[in-house]
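**Student:** What shape does this take:
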Amino acid sequence: MSQNKKIVPLPTEEDKTLDLALRPQRFQDYLGQERIKKNIRIITEAAQKRKDSCIEHILFYGGPGLGKTTLSYLVAKKMGTGIRTIAGPSIKKTGDLAAILTNLREGDILFIDEIHRTNKTCEEMIYPVMEEFKLNLIIGKGPMARTMDLKIPRFTLIGATTRLALLSSPLRSRFGATFKLDNYSTKEIGDIVKRSASLLEVKIEEDAIKTIASRSRFNPRIANRLLKRVRDFSEVEGKGIISGKEAINALSFLDVDEMGLESGDRRILETLSEKFEGGPAGLQSLSIATGEEEETIIDIYEPYLIQLGFIKRTPRGRVITEKAKEYLKKK
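**Tutor:** Purely as a prediction, here's the structure:
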(Lines give C-alpha, C1' and ligand atoms only; values in the text may rest on other atoms or scores of the structure.)
Protein backbone atom coordinates (compact mmCIF):
# COMPACT_ATOMS: atom_id res chain seq x y z
CA MET A 1 0.00 0.00 0.00
CA SER A 2 1.28 3.47 -0.85
CA GLN A 3 2.76 5.39 2.07
CA ASN A 4 0.91 8.48 0.86
CA LYS A 5 -2.45 6.73 0.94
CA LYS A 6 -4.82 8.76 3.06
CA ILE A 7 -6.54 6.80 5.83
CA VAL A 8 -10.04 8.14 6.43
CA PRO A 9 -11.47 7.13 9.83
CA LEU A 10 -14.90 5.56 9.87
CA PRO A 11 -17.69 7.74 11.31
CA THR A 12 -18.21 7.14 15.01
CA GLU A 13 -21.64 6.53 16.53
CA GLU A 14 -21.48 10.08 17.88
CA ASP A 15 -20.84 11.42 14.37
CA LYS A 16 -23.85 9.52 13.01
CA THR A 17 -26.08 10.78 15.83
CA LEU A 18 -24.91 14.36 15.32
CA ASP A 19 -25.45 14.14 11.56
CA LEU A 20 -29.08 13.18 12.20
CA ALA A 21 -29.44 15.95 14.79
CA LEU A 22 -28.10 18.56 12.37
CA ARG A 23 -30.34 17.44 9.50
CA PRO A 24 -33.13 20.00 8.95
CA GLN A 25 -36.59 18.79 9.97
CA ARG A 26 -38.52 21.55 8.18
CA PHE A 27 -38.19 23.31 4.84
CA GLN A 28 -37.72 26.59 6.72
CA ASP A 29 -34.55 25.18 8.28
CA TYR A 30 -33.16 23.89 4.99
CA LEU A 31 -30.83 26.65 3.84
CA GLY A 32 -29.99 27.18 0.18
CA GLN A 33 -31.35 25.53 -3.00
CA GLU A 34 -34.18 28.08 -3.11
CA ARG A 35 -35.29 27.25 -6.66
CA ILE A 36 -35.65 23.55 -5.85
CA LYS A 37 -37.51 24.25 -2.61
CA LYS A 38 -39.98 26.47 -4.46
CA ASN A 39 -40.58 23.81 -7.12
CA ILE A 40 -41.12 21.12 -4.49
CA ARG A 41 -43.55 23.35 -2.60
CA ILE A 42 -45.60 23.84 -5.78
CA ILE A 43 -45.56 20.10 -6.60
CA THR A 44 -46.59 19.00 -3.11
CA GLU A 45 -49.23 21.68 -2.52
CA ALA A 46 -50.79 21.09 -5.94
CA ALA A 47 -51.04 17.35 -5.18
CA GLN A 48 -52.61 18.07 -1.79
CA LYS A 49 -55.18 20.40 -3.37
CA ARG A 50 -56.10 17.68 -5.87
CA LYS A 51 -56.17 15.23 -2.93
CA ASP A 52 -53.73 12.95 -4.75
CA SER A 53 -52.24 10.27 -2.55
CA CYS A 54 -48.77 10.79 -4.03
CA ILE A 55 -46.74 13.17 -6.19
CA GLU A 56 -44.87 12.44 -9.40
CA HIS A 57 -41.50 10.70 -9.31
CA ILE A 58 -38.53 12.98 -8.55
CA LEU A 59 -34.84 12.71 -9.38
CA PHE A 60 -32.19 14.67 -7.48
CA TYR A 61 -28.63 14.85 -8.76
CA GLY A 62 -25.50 16.65 -7.66
CA GLY A 63 -22.30 16.12 -5.69
CA PRO A 64 -22.11 14.25 -2.37
CA GLY A 65 -23.23 16.16 0.72
CA LEU A 66 -25.44 18.76 -0.99
CA GLY A 67 -28.68 17.62 0.65
CA LYS A 68 -30.38 15.11 -1.68
CA THR A 69 -31.32 12.74 1.14
CA THR A 70 -32.48 15.56 3.39
CA LEU A 71 -34.74 16.94 0.66
CA SER A 72 -36.30 13.50 0.17
CA TYR A 73 -37.15 13.24 3.87
CA LEU A 74 -38.60 16.76 3.84
CA VAL A 75 -40.82 15.85 0.86
CA ALA A 76 -42.15 12.86 2.80
CA LYS A 77 -42.80 15.04 5.84
CA LYS A 78 -44.54 17.67 3.70
CA MET A 79 -46.82 15.00 2.20
CA GLY A 80 -47.37 13.31 5.58
CA THR A 81 -46.32 9.91 4.23
CA GLY A 82 -43.84 7.21 5.16
CA ILE A 83 -40.46 6.89 3.48
CA ARG A 84 -38.46 3.75 2.76
CA THR A 85 -34.75 4.30 2.10
CA ILE A 86 -32.49 1.91 0.22
CA ALA A 87 -29.13 2.16 -1.54
CA GLY A 88 -29.01 1.34 -5.25
CA PRO A 89 -26.04 -1.10 -4.97
CA SER A 90 -27.93 -3.17 -2.38
CA ILE A 91 -30.70 -4.01 -4.90
CA LYS A 92 -29.05 -7.03 -6.52
CA LYS A 93 -31.95 -9.44 -7.15
CA THR A 94 -35.41 -8.92 -8.57
CA GLY A 95 -36.80 -10.75 -5.54
CA ASP A 96 -35.28 -8.11 -3.25
CA LEU A 97 -36.93 -5.33 -5.24
CA ALA A 98 -40.28 -7.16 -5.35
CA ALA A 99 -40.22 -7.55 -1.55
CA ILE A 100 -39.58 -3.84 -1.09
CA LEU A 101 -42.30 -2.74 -3.52
CA THR A 102 -44.99 -5.08 -2.19
CA ASN A 103 -44.44 -3.78 1.35
CA LEU A 104 -45.10 -0.17 0.38
CA ARG A 105 -48.33 1.50 1.45
CA GLU A 106 -50.50 3.87 -0.55
CA GLY A 107 -48.75 7.25 -0.91
CA ASP A 108 -45.40 6.07 0.50
CA ILE A 109 -42.09 7.37 -0.81
CA LEU A 110 -39.37 4.98 -1.91
CA PHE A 111 -35.99 6.73 -1.80
CA ILE A 112 -33.18 5.04 -3.76
CA ASP A 113 -29.79 6.56 -3.10
CA GLU A 114 -27.09 6.21 -5.79
CA ILE A 115 -29.81 4.93 -8.10
CA HIS A 116 -27.40 4.76 -11.05
CA ARG A 117 -25.74 1.74 -9.37
CA THR A 118 -28.94 -0.34 -9.32
CA ASN A 119 -28.68 -3.75 -10.96
CA LYS A 120 -29.77 -3.40 -14.62
CA THR A 121 -32.26 -6.28 -14.42
CA CYS A 122 -33.87 -4.71 -11.37
CA GLU A 123 -33.86 -1.32 -13.09
CA GLU A 124 -35.85 -2.67 -16.03
CA MET A 125 -38.27 -4.18 -13.56
CA ILE A 126 -38.91 -0.68 -12.16
CA TYR A 127 -40.14 0.77 -15.49
CA PRO A 128 -43.73 -0.61 -15.45
CA VAL A 129 -43.94 -0.03 -11.71
CA MET A 130 -43.21 3.69 -12.15
CA GLU A 131 -45.70 4.09 -15.00
CA GLU A 132 -48.55 1.70 -14.22
CA PHE A 133 -47.86 0.62 -10.62
CA LYS A 134 -47.74 -2.97 -11.79
CA LEU A 135 -45.02 -5.48 -11.02
CA ASN A 136 -44.41 -7.94 -13.85
CA LEU A 137 -43.26 -11.24 -12.39
CA ILE A 138 -42.09 -14.37 -14.23
CA ILE A 139 -43.01 -17.56 -12.40
CA GLY A 140 -41.32 -20.81 -13.29
CA LYS A 141 -38.72 -21.61 -15.95
CA GLY A 142 -38.65 -22.89 -19.50
CA PRO A 143 -41.93 -23.98 -21.17
CA MET A 144 -43.76 -23.85 -17.84
CA ALA A 145 -42.88 -20.19 -17.22
CA ARG A 146 -45.74 -17.71 -17.04
CA THR A 147 -46.07 -14.02 -16.30
CA MET A 148 -48.12 -12.46 -13.55
CA ASP A 149 -48.98 -8.80 -13.00
CA LEU A 150 -49.01 -7.78 -9.38
CA LYS A 151 -50.65 -4.49 -8.49
CA ILE A 152 -48.51 -2.14 -6.38
CA PRO A 153 -49.95 0.67 -4.20
CA ARG A 154 -49.45 4.11 -5.73
CA PHE A 155 -46.18 5.52 -4.44
CA THR A 156 -43.52 8.11 -5.28
CA LEU A 157 -40.04 7.07 -6.29
CA ILE A 158 -37.33 9.59 -5.39
CA GLY A 159 -33.95 8.81 -6.87
CA ALA A 160 -30.64 10.44 -5.94
CA THR A 161 -27.43 10.21 -7.91
CA THR A 162 -24.01 11.82 -8.02
CA ARG A 163 -23.46 10.59 -11.60
CA LEU A 164 -26.40 11.56 -13.78
CA ALA A 165 -24.59 10.47 -16.96
CA LEU A 166 -24.51 6.88 -15.68
CA LEU A 167 -28.29 6.78 -15.32
CA SER A 168 -29.90 5.04 -18.28
CA SER A 169 -32.08 7.16 -20.55
CA PRO A 170 -35.24 4.97 -20.13
CA LEU A 171 -35.08 5.34 -16.36
CA ARG A 172 -34.26 9.04 -16.43
CA SER A 173 -37.17 9.81 -18.74
CA ARG A 174 -39.66 8.24 -16.32
CA PHE A 175 -39.09 10.85 -13.63
CA GLY A 176 -41.64 13.65 -13.73
CA ALA A 177 -39.27 16.21 -12.19
CA THR A 178 -35.46 16.36 -12.24
CA PHE A 179 -33.53 18.79 -10.07
CA LYS A 180 -29.82 19.57 -9.94
CA LEU A 181 -28.44 20.59 -6.55
CA ASP A 182 -25.80 23.29 -6.96
CA ASN A 183 -22.89 24.13 -4.70
CA TYR A 184 -23.68 26.62 -1.95
CA SER A 185 -22.40 30.16 -1.61
CA THR A 186 -19.98 31.04 1.18
CA LYS A 187 -22.75 33.04 2.89
CA GLU A 188 -25.16 30.09 2.79
CA ILE A 189 -22.48 27.81 4.21
CA GLY A 190 -21.82 30.39 6.94
CA ASP A 191 -25.53 30.37 7.85
CA ILE A 192 -25.47 26.56 7.98
CA VAL A 193 -22.40 26.58 10.26
CA LYS A 194 -24.12 29.11 12.54
CA ARG A 195 -27.27 26.97 12.72
CA SER A 196 -25.29 23.78 13.39
CA ALA A 197 -23.21 25.49 16.09
CA SER A 198 -26.45 26.56 17.80
CA LEU A 199 -27.82 22.99 17.69
CA LEU A 200 -24.53 21.63 19.07
CA GLU A 201 -24.59 24.34 21.76
CA VAL A 202 -21.16 25.54 20.64
CA LYS A 203 -20.10 29.13 21.24
CA ILE A 204 -18.40 30.44 18.12
CA GLU A 205 -17.24 33.86 16.93
CA GLU A 206 -18.17 35.32 13.56
CA ASP A 207 -14.55 35.12 12.32
CA ALA A 208 -14.49 31.39 13.07
CA ILE A 209 -17.74 30.89 11.15
CA LYS A 210 -16.26 32.67 8.13
CA THR A 211 -13.05 30.61 8.36
CA ILE A 212 -14.92 27.29 8.45
CA ALA A 213 -17.30 28.37 5.67
CA SER A 214 -14.45 29.48 3.40
CA ARG A 215 -12.72 26.09 3.74
CA SER A 216 -15.81 23.90 3.35
CA ARG A 217 -15.65 23.52 -0.45
CA PHE A 218 -19.16 25.09 -0.66
CA ASN A 219 -20.55 21.83 0.80
CA PRO A 220 -22.83 21.61 3.90
CA ARG A 221 -21.69 18.10 4.86
CA ILE A 222 -18.05 19.14 4.85
CA ALA A 223 -18.90 22.33 6.75
CA ASN A 224 -20.59 20.33 9.52
CA ARG A 225 -17.71 17.84 9.62
CA LEU A 226 -15.15 20.65 9.99
CA LEU A 227 -17.27 22.35 12.65
CA LYS A 228 -17.35 19.16 14.74
CA ARG A 229 -13.59 18.70 14.45
CA VAL A 230 -12.91 22.36 15.31
CA ARG A 231 -15.25 21.99 18.29
CA ASP A 232 -13.21 18.98 19.50
CA PHE A 233 -9.98 20.95 19.09
CA SER A 234 -11.43 23.93 20.98
CA GLU A 235 -12.69 21.79 23.87
CA VAL A 236 -9.18 20.42 24.42
CA GLU A 237 -6.96 23.36 23.47
CA GLY A 238 -9.29 26.35 23.67
CA LYS A 239 -11.16 28.47 26.20
CA GLY A 240 -14.78 27.45 25.68
CA ILE A 241 -15.51 29.69 22.69
CA ILE A 242 -14.23 29.11 19.17
CA SER A 243 -12.34 32.18 17.97
CA GLY A 244 -11.16 32.87 14.44
CA LYS A 245 -7.56 32.07 15.46
CA GLU A 246 -8.61 28.77 17.05
CA ALA A 247 -10.51 27.79 13.90
CA ILE A 248 -7.45 28.50 11.75
CA ASN A 249 -5.18 26.53 14.08
CA ALA A 250 -7.59 23.59 14.23
CA LEU A 251 -8.05 23.42 10.46
CA SER A 252 -4.30 23.72 9.91
CA PHE A 253 -3.87 20.83 12.33
CA LEU A 254 -6.40 18.88 10.24
CA ASP A 255 -4.34 19.76 7.12
CA VAL A 256 -7.16 21.82 5.56
CA ASP A 257 -5.71 24.95 3.97
CA GLU A 258 -7.30 28.35 3.29
CA MET A 259 -8.80 27.10 -0.01
CA GLY A 260 -10.32 23.99 1.54
CA LEU A 261 -7.75 21.68 -0.06
CA GLU A 262 -6.54 18.67 1.89
CA SER A 263 -3.51 16.41 1.49
CA GLY A 264 -5.27 14.25 -1.14
CA ASP A 265 -6.04 17.25 -3.32
CA ARG A 266 -2.48 18.53 -3.09
CA ARG A 267 -1.08 15.07 -3.84
CA ILE A 268 -3.04 14.97 -7.11
CA LEU A 269 -1.79 18.44 -8.10
CA GLU A 270 1.81 17.60 -7.15
CA THR A 271 1.65 14.31 -9.04
CA LEU A 272 0.36 16.02 -12.18
CA SER A 273 2.99 18.73 -11.86
CA GLU A 274 6.03 16.60 -11.02
CA LYS A 275 5.50 13.07 -12.31
CA PHE A 276 3.52 13.98 -15.42
CA GLU A 277 5.16 17.38 -16.04
CA GLY A 278 1.79 19.12 -15.96
CA GLY A 279 -0.09 16.50 -17.98
CA PRO A 280 -1.99 15.32 -19.81
CA ALA A 281 -2.34 12.24 -17.62
CA GLY A 282 -4.91 9.48 -18.00
CA LEU A 283 -7.22 8.67 -15.09
CA GLN A 284 -5.79 5.18 -14.62
CA SER A 285 -2.20 6.47 -14.58
CA LEU A 286 -3.12 9.23 -12.14
CA SER A 287 -4.87 6.71 -9.90
CA ILE A 288 -1.81 4.43 -9.80
CA ALA A 289 0.59 7.31 -9.22
CA THR A 290 -1.41 8.80 -6.32
CA GLY A 291 -2.61 5.56 -4.75
CA GLU A 292 -6.24 6.74 -4.96
CA GLU A 293 -9.14 4.81 -6.49
CA GLU A 294 -10.37 6.12 -9.85
CA GLU A 295 -13.90 6.61 -8.48
CA THR A 296 -12.49 8.61 -5.54
CA ILE A 297 -10.63 10.94 -7.90
CA ILE A 298 -13.72 11.45 -10.08
CA ASP A 299 -16.27 11.89 -7.29
CA ILE A 300 -14.32 13.47 -4.41
CA TYR A 301 -11.24 15.35 -5.60
CA GLU A 302 -11.73 16.29 -9.23
CA PRO A 303 -15.00 18.31 -9.09
CA TYR A 304 -13.61 20.82 -6.61
CA LEU A 305 -10.23 21.07 -8.33
CA ILE A 306 -11.98 21.75 -11.64
CA GLN A 307 -14.26 24.29 -9.95
CA LEU A 308 -11.21 26.12 -8.60
CA GLY A 309 -9.68 26.09 -12.08
CA PHE A 310 -6.72 23.98 -10.93
CA ILE A 311 -7.07 21.11 -13.41
CA LYS A 312 -8.70 20.67 -16.80
CA ARG A 313 -10.10 17.59 -18.50
CA THR A 314 -8.94 17.13 -22.08
CA PRO A 315 -9.47 14.28 -24.58
CA ARG A 316 -5.94 13.10 -23.73
CA GLY A 317 -6.30 13.29 -19.94
CA ARG A 318 -6.01 15.63 -16.96
CA VAL A 319 -3.89 18.78 -17.22
CA ILE A 320 -2.76 21.08 -14.42
CA THR A 321 -3.34 24.82 -14.93
CA GLU A 322 -1.06 27.80 -14.38
CA LYS A 323 -3.28 28.83 -11.48
CA ALA A 324 -2.55 25.52 -9.75
CA LYS A 325 1.17 25.87 -10.40
CA GLU A 326 1.13 29.26 -8.68
CA TYR A 327 -0.71 27.69 -5.75
CA LEU A 328 1.91 24.93 -5.43
CA LYS A 329 4.74 27.47 -5.53
CA LYS A 330 3.19 29.33 -2.60
CA LYS A 331 2.93 26.06 -0.72
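**Student:** This protein - how does it break down into domains?
**Tutor:** 25-180, 186-253, 263-330 (automatic domain parsing).
**Student:** I'd like the mean pLDDT over the longest one, please.
**Tutor:** What domain 25-180 shows for mean pLDDT is 87.
**Student:** Kindly report the same for the second one.
**Tutor:** Along domain 186-253, the predicted local confidence has a mean pLDDT of 88.
**Student:** top helix in this structure by residue count?
**Tutor:** Of all the elements of type helix in the chain, the one with the most residues (DSSP state H) is helix 220-237.
**Student:** next one: that one to chain centre, how far?
**Tutor:** The chain centre lies 20 Å from the centre of helix 220-237; the measure is CA atoms, centre = their mean, to the nearest Å.
**Student:** Show me what counts as buried in that helix.
**Tutor:** Buried residues in helix 220-237, counted by 16 or more other CB atoms under 10 Å: 220-231, 233-234. Placement of C-beta: from N, CA and C, glycine included.
**Student:** With stretch 110-120 instead?
**Tutor:** Of all the residues in stretch 110-120, those buried under the rule 16+ other CB under 10 Å are 110, 111, 112, 113, 114, 115, 116, 117, 118, 119.
**Student:** Over to stretch 97-114?
**Tutor:** Applying a neighbour-count criterion of 16+ other CB under 10 Å, one finds 97-98, 100-101, 104, 107-114 buried in stretch 97-114.
**Student:** contacting residues around residue 29?
**Tutor:** For residue 29, the residues meeting the contact criterion (CB atoms under 8 Å, 6 or more residues apart in numbering) are residue 195.
**Student:** Relative to residue 167, which of the buried residues of helix 220-237 is nearest.
**Tutor:** When these are compared for distance to residue 167 (CB to CB), residue 221 wins out at 21.9 Å.
**Student:** ok so, going back, which of the buried residues of stretch 110-120 sits closest to residue 330?
**Tutor:** residue 114 (37.1 Å).
**Student:** Assign a three-state SS to the residue most central in space within the chain, would you?
**Tutor:** In the chain, the centroid-proximal residue (CA atoms, centre = their mean) is residue 64; its distance is 2.3 Å. Taking DSSP: H, G, I helix; E, B strand; the rest coil as the rule, one finds residue 64 in the coil state.
**Student:** Once you drop chain neighbours, what's closest to it?
**Tutor:** The shortest distance from residue 64 to any residue other than its chain neighbours is 5.7 Å, reached at residue 162 (CB to CB, 6 or more residues apart in numbering).
**Student:** And for residue 130?
**Tutor:** residue 174 (4.7 Å).
**Student:** pretty sure the one you found is touching residue 131, no?
**Tutor:** Yes: Residue 174 is in contact with residue 131 according to CB atoms under 8 Å; the separation is 6.5 Å.
**Student:** These two: which has the busier surroundings?
**Tutor:** A direct count of neighbours by other CB atoms under 10 Å for residue 174 and residue 131 places residue 174 higher, at 18 against 10.
**Student:** Shouldn't residue 328 be within a helix?
**Tutor:** Yes: the assignment for residue 328 by three-state DSSP puts it in a helix.
**Student:** From what I see, it and residue 267 are in contact.
**Tutor:** No: because the distance of 11.2 Å does not satisfy CB under 8 Å, residue 328 is recorded as not touching residue 267.
**Student:** Those two: which is more packed in?
**Tutor:** residue 267 (19 against 15).
**Student:** Quickly note the distance from that one to residue 327.
**Tutor:** Distance check for residue 267 against residue 327: by CB to CB, to the nearest Å, it reads 13 Å.
**Student:** Format the buried residues of stretch 110-120 as a markdown table; extra columns: secondary structure.
**Tutor:** Compiled in a markdown table, those are given as follows (three-state DSSP):
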| residue | secondary structure |
| --- | --- |
| 110 | strand |
| 111 | strand |
| 112 | strand |
| 113 | strand |
| 114 | coil |
| 115 | helix |
| 116 | helix |
| 117 | helix |
| 118 | coil |
| 119 | coil |
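**Student:** tell me the secondary structure for residue 160?
**Tutor:** Remark: residue 160 carries the secondary structure label strand [criterion: three-state DSSP].
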